[in-house]
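Peer 1: Task: produce atomic coordinates for the following.
(2 chains)
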Amino acid sequence: MGDGDFRDAAFAELFEGFHDDLFRVAWRICGRTEVAEELCQEAFLRYYERRDRLPVGDEARYWLIRVVKNLAFNHEKRQGREREAYRLYARQPRESSGNEGEQHVLAEESRESVRKALLAVPYKLRVALILKEYAGYPYVDIASILRISENNVKIRVFRARQHLSKILQKGDYHVP
Amino acid sequence: MCPDARTLSAYFDGEITENRREEMDRHIAECPACRATLREFEAQRRYLRSAAAPGLPGDADLDHFWSYVGRSRLHRVRGPRRISVPLPLAAAAVLALVVVSVLNFLPLGRGGMPDVVVVDSRPQAPTVVSFTVTPADLDDFFAMLEGEGAGDDAIHTLPEELPVARFGEPLMVRPASLEGAP
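Peer 2: Got it, this is the predicted structure:
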């Protein structure tokens, strides 16, 4: 097996082993399925194109999260300008996915509620909280991913919680 | 004395040293205020985890990725689209590009600017990425370059016909050939 084959096999392993997790992180950050999928594809493409120069293992995962985070940030800035249009879209009745059951509706409502609350948290703080609460990374790993100090992670996570607390108190959210 | 809320947050995440944790365990056992703060963190966590992320679309596998790569590459080599920047911001864009390029590539100690700013050292042909950056996106664009491209070589070019005559054509942003690059 040549070096290229080895790298392709390693890439396939990384993709298969991390795609789902990366998608979930991307979805938590941007809140939209189709955007999250696009961000993941783009991140993996960038990794693939530079795979001979990029790290492997956990560092590769951190690299991918970092790219998704940067891409999501750019997307969010654009989305800010399109917010009004999106609000109009969001008010329209959604197409049914075929499952009309009550559980499905409740799950959708719950997901939408959490998504909305999270998106109201400032971007930098939100990313740190998402990596803690959903990806389950310890502060030291989040610091590596975001390239900030552990103390900064601690501050961002805490401040994200403060923001979220205010958002949940002010809005119409059901906190179990 | 109560620990500050930031420390309580770290305690909640299990990010406290063993000695400090024992000390805080004892304090929290006797402090209703700290227990209330921790209960709030716990409620938040339950809330955040009450909604699962949607599943990936069924076709989001490696084959789907390869087709994305194909589409994406096709898009990328479809000839360079021009970066369209209105004249008042063009000067700022050029200036910023020069600064970024100088910071990234200036060969300190060699004296003078290099004729060709490069280099992708991979043996295969370089990937040409062309896209349009609107004036409002310039900050994000540079932030993205800084974030994703840290440590990587890159070439930033502007179309030759961009009306930036009064600044001349900066050496650092002229198109570069990768042929024969190391």
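
Peer 1: could you pull out the helices for chain A?
Peer 2: Ranges of helices in chain A, per DSSP state H, are A:3-30, A:33-49, A:58-81, A:83-91, A:102-119, A:123-133, A:139-146, A:150-170.

Peer 1: Going by contacts, tell me the helices and strands next to the last one.
Peer 2: Going back to what we said before, that points to helix A:150-170. When contacts are defined as 3 or more C-beta pairs under 8 Å, 6 or more residues apart in numbering or on different chains; DSSP states H and E, helix A:150-170 sits against helix A:102-119, helix A:123-133, helix A:139-146, helix B:5-12, helix B:32-49. C-beta here means a position set from N, CA and C on the backbone, and glycine is covered the same way.

Peer 1: Pick the most deeply packed of the helices of chain A.
Peer 2: The highest mean neighbour count among the helices of chain A, using mean count of other C-beta atoms under 10 Å in any protein chain shown, belongs to helix A:123-133: a mean of 22.

Peer 1: Identify the residues contacting that helix?
Peer 2: Contact with helix A:123-133 is made by A:25, A:28-29, A:65, A:69, A:73, A:76, A:118-119, A:121, A:137, A:139, A:141-142, A:145-146, A:153, A:156-157, A:159-161, A:163-164, B:13, B:45, B:48-49, as judged by C-beta atoms under 8 Å, 6 or more residues apart in numbering or on different chains.

Peer 1: Also stretch B:48-56?
Peer 2: A:19-20, A:23-24, A:27-28, A:33, A:37, A:107, A:110-111, A:113-115, A:118, A:133-134, A:176.

Peer 1: Could you give me the buried positions within it?
Peer 2: Using 16 or more other C-beta atoms under 10 Å in any protein chain shown as the test for burial, stretch B:48-56 gives B:48, B:51, B:53-54, B:56.

Peer 1: For the spatially most central residue of chain A, which non-adjacent residue is spatially closest?
Peer 2: For chain A, the residue nearest the mean C-alpha position is A:Ala26 (2.4 Å; C-alpha atoms, centre = their mean). Nearest residue to A:Ala26 in three dimensions, chain neighbours excluded: A:Ala36, at 3.8 Å (C-beta to C-beta, 6 or more residues apart in numbering or on different chains).

Peer 1: Was I right to think the one you found contacts A:His19?
Peer 2: No. With contacts defined as C-beta atoms under 8 Å, A:Ala36 does not count as touching A:His19, sitting 11.2 Å away.

Peer 1: So chain B: which segments form each domain?
Peer 2: Domain assignment for chain B by automatic domain parsing gives B:5-49, B:78-173.

Peer 1: Least confident of those domains, on average?
Peer 2: Sorting those by mean pLDDT places domain B:78-173 lowest, at a mean of 55.

Peer 1: For burial, what's the neighbour tally of B:Phe41?
Peer 2: B:Phe41: 19 surrounding residues under other C-beta atoms under 10 Å in any protein chain shown.

Peer 1: residues in contact with it?
Peer 2: Counted by C-beta under 8 Å, 6+ apart, B:Phe41 has contacts A:161, B:8-9, B:12.
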